[in-house]
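> okay, predicted coordinates and the sequence, questions at the end:
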Amino acid sequence: MAWKDVEPMEERIRFVLKATREEMAFSDLCDAFGVSRKTGYKWLSRYEEHGLEGMHELSRRPLSNSTRIEDWIEDLVVRERLIHRKWGPKKLREKLVEKCELETVPATSTIGNIIKRHGLTCSRRRKRPVSQPDRTTRTEATRPNEVWAADFKGWFRTKDGQRCDPLTCSDLFSRYVLICRIVAGQCIDTTMPEFRKAFIRYGLPEAIRVDNGSPFGSRGVCGLSKLSAWWLQQGIRVEFIDPGHPEQNGVHERMHRTLKEETSKPPAFTLKAQQRRFDLWRLEFNHERPHEALGMQRPAQRYQRSLRRYIARPEPPEYPVDYEIRMVKTRGAIKWQNELYYVGEALHGMALGLIDVTDGKHAVYFRNLLLGYIEEGKVGGLQPPGAGDLLVYPGHGA
């Protein structure tokens, strides 16, 4: 049982004084004060040993702590953290094991508590929310050059050990293979020249369907990379498939399977020899091979060049007269009302259109693609569109 809530120390002193005077039976005395005999004997024993000072509550902290880290070990943790400021508890613990040869090394969680207690933690920057690409629009190709598909066929090595990265592009309506070239790595510097040559030879498609990986997509605004932003600049719509769903580009993937079976099992000895195989295969696939999906026609019988010509330096998009025009600077930002707003380095040099939608809120477009919103008081990046916002307005900046 517990002492009364009011002045417990005073109650204990009154109790032990009455107990030492033996004015009443000890059991009755405990009942009168509302405590058990065990509690009564405890406080009487403390009074006899320590006097009135013994009436204070003693600390419940254990006299010894077998898990407490010694000061010199804690100093080692702090020192290593100061040397390696970007290392986390796991790396620091491994360093202590190798460097100091301690018999007992603190647990990872203990090291984490030590660096946190000394104010040595690094707060992670919260990722800025960005507009996601529209992955719901997938146009059904009903005529040549309405939709092209582009991808990298899985890389492999030629017999001499060199890595082979085949870049492919096909017209989904006719199955005509437009590009099948080995490039030196999956990056914009190697892919853009191949698409430029295809555009010059075949004209421009209305849309290109790709996955979300580099160099086609990115984690930036609307999933745009420098390559897909260049396509948009040419007036080509970009259609992204859902991550991990290659079947959404099934016609192109089926072509890949045939390409692999007929050209790389086994691979050629050199990259040059492998490219010759690809060239011969593309010629046969387009002009000689009947396709059941085409009613046994050849792709070349159904394909024709696009009437949309490639322009090396296209004119900036024309936005409606009530739009404000802003150019994307070198670091991927635009300036609005003396503040910088990040829109992505992929859009460097592009002209964007801004339109007032509500007080203090402006929609930002690249051609007819809604990139996001600028809101007063929210400096930094664009605010993503809401769930009910349309991502594309056909009449804006087309």
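Perfect, thanks for sending it.
> please make it C-alpha for all contacts and neighbour counts, starting now.
OK.
> could you point out which element follows the helix or strand hosting Asp31?
Here Asp31, judged by DSSP states H and E, is contained in helix 26-33. Next helix or strand after helix 26-33 toward the C-terminus (DSSP H and E): helix 37-50.
> hmm, who's touching the helix or strand just after that following helix?
Beyond helix 37-50 in the direction of the C-terminus, DSSP H and E gives the next helix or strand as helix 71-83. Applying CA atoms under 8 Å, 6 or more residues apart in numbering, the contact partners of helix 71-83 are Trp87, Leu92, Leu96, Ile111, Ile114, Ile115, His118, Leu120.
> buried subset of those as a PyMOL selection?
Restricted to buried positions by 16 or more other CA atoms under 10 Å, the PyMOL selection for these reads:
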select buried, resi 92+96+111+114+115
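> quick one on the thing from earlier: only alpha carbons, please: show the helix holding Asp31 as PDB.
What follows is helix 26-33 as a C-alpha-only set of coordinates in PDB (Å, rounded to 0.1, in the frame of the first residue of the first chain):
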ATOM      1  CA  PHE A  26       2.600  -2.100  15.200                       C
ATOM      2  CA  SER A  27      -0.100  -3.700  13.100                       C
ATOM      3  CA  ASP A  28      -2.700  -1.200  14.400                       C
ATOM      4  CA  LEU A  29      -0.200   1.700  13.600                       C
ATOM      5  CA  CYS A  30       0.200   0.400  10.000                       C
ATOM      6  CA  ASP A  31      -3.500   0.200   9.600                       C
ATOM      7  CA  ALA A  32      -3.900   3.800  10.900                       C
ATOM      8  CA  PHE A  33      -1.400   5.100   8.400                       C
END
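> what about it, distance to the chain center?
Taking CA atoms, centre = their mean, to the nearest Å, one finds helix 26-33 lying 70 Å from the centre of the chain it belongs to.
> in terms of secondary structure, what does the helix or strand containing Thr191 contact?
Per DSSP H and E: Thr191 is located in helix 188-202. On a contact count with 3 or more CA pairs under 8 Å, 6 or more residues apart in numbering; DSSP states H and E, helix 188-202 meets strand 177-183, helix 226-233.
> again, only this time at 10 Å
Counting contacts by 3 or more CA pairs under 10 Å, 6 or more residues apart in numbering; DSSP states H and E, helix 188-202 packs against strand 163-171, strand 177-183, helix 226-233.
> and these as TSV, adding distance to Ala346?
What follows is the helices and strands packed on helix 188-202, written out as TSV (distance: least, CA to CA, whole Å):
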stretch	distance to Ala346
strand 163-171	21
strand 177-183	21
helix 226-233	4
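> thinking again about what came up before, show me which of the contacts of helix 71-83 is closest to Pro144.
Within those, proximity to Pro144 (CA to CA) peaks at Trp87, which comes in at 54.9 Å.
> show me what the helix ranked longest in the chain is packed up against.
Ranked by number of residues, the top helix in the chain under DSSP state H is helix 271-287. Under the contact criterion of 3+ CA pairs under 10 Å, 6+ apart, helix 271-287 touches strand 163-171, strand 177-183, helix 250-263, helix 299-302.
> tell me the helix or strand right after the last one.
Downstream of helix 299-302, the first helix or strand assigned by DSSP H and E is strand 324-327.
> now for the following helix or strand past that following strand, which elements pack on it?
Downstream of strand 324-327, the first helix or strand assigned by DSSP H and E is strand 333-336. Identification of packing neighbours for strand 333-336 by 3+ CA pairs under 10 Å, 6+ apart yields strand 324-327, strand 339-342, strand 351-358, strand 380-381.
> pull up the pairing partners for the second one, direction included.
Spelled out, that is strand 339-342. The strands that strand 339-342 pairs with in its sheet are strand 333-336 (antiparallel), strand 380-381 (parallel) (by DSSP bridges).
> need those strands in TSV (columns: distance to Thr142, mean pLDDT and mean neighbour count).
Listed next are the strands paired with strand 339-342 as TSV, based on distance: least, CA to CA, whole Å; pLDDT from 0 to 100; neighbours: other CA atoms under 10 Å:
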stretch	distance to Thr142	mean pLDDT	mean neighbour count
strand 333-336	39	89	18
strand 380-381	39	78	18
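> including distance to Ser45, could the ones you listed go into a markdown table?
What follows is those, written out as a markdown table (distance: least, CA to CA, whole Å):
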| stretch | distance to Ser45 |
| --- | --- |
| strand 333-336 | 77 |
| strand 380-381 | 69 |
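> for those, which one sits closest to Ile13?
From the strands paired with strand 339-342, taking CA to CA, the stretch that ends up closest is strand 380-381, at 66.5 Å.
> who's in contact with the closest one?
Residues outside strand 380-381 that contact it (CA atoms under 10 Å, 6 or more residues apart in numbering): 128-130, 221, 333-334, 339-344, 372-375.
> ok so, going back, of all the strands paired with strand 339-342, which one is nearest Cys180?
Nearest to Cys180 among the strands paired with strand 339-342 is strand 333-336; the distance by CA to CA comes to 35.8 Å.
> hang on, the earlier thing: which ones among the contacts of helix 71-83 lie within helices?
Leu92, Leu96, Ile111, Ile114, Ile115.
> ok, so of those residues, who is nearest Arg257?
Proximity of the ones in helices among the contacts of helix 71-83 to Arg257 (CA to CA) peaks at Leu92, which lies at 47.7 Å.
> so that closest one touches Gly112, yeah?
Yes: in this structure Leu92 lies within contact range of Gly112 using CA atoms under 10 Å: 9.4 Å.
> circling back to that earlier point, quick one, which of the contacts of strand 380-381 are buried?
Val130, Val221, Ala333, Ile334, Tyr341, Tyr342, Val343, Gly344, Gly372, Tyr373, Ile374, Glu375.
> so which of the helices and strands packed on helix 271-287 is nearest Ser27?
Ser27 lies closest, by CA to CA, to one member of the helices and strands packed on helix 271-287: helix 250-263, at 89.5 Å.
> returning to that earlier point: can you redo the helices and strands packed on helix 271-287 as JSON lines with mean pLDDT?
Converted to JSON lines, those look like this (pLDDT from 0 to 100):
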{"stretch": "strand 163-171", "mean pLDDT": "96"}
{"stretch": "strand 177-183", "mean pLDDT": "97"}
{"stretch": "helix 250-263", "mean pLDDT": "94"}
{"stretch": "helix 299-302", "mean pLDDT": "96"}
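> with distance to Cys30 and mean neighbour count added, can I get the ones you listed in CSV?
Output for the helices and strands packed on helix 271-287, formatted as CSV (distance: least, CA to CA, whole Å; neighbours: other CA atoms under 10 Å):
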stretch, distance to Cys30, mean neighbour count
strand 163-171, 89, 22
strand 177-183, 93, 21
helix 250-263, 87, 15
helix 299-302, 103, 16
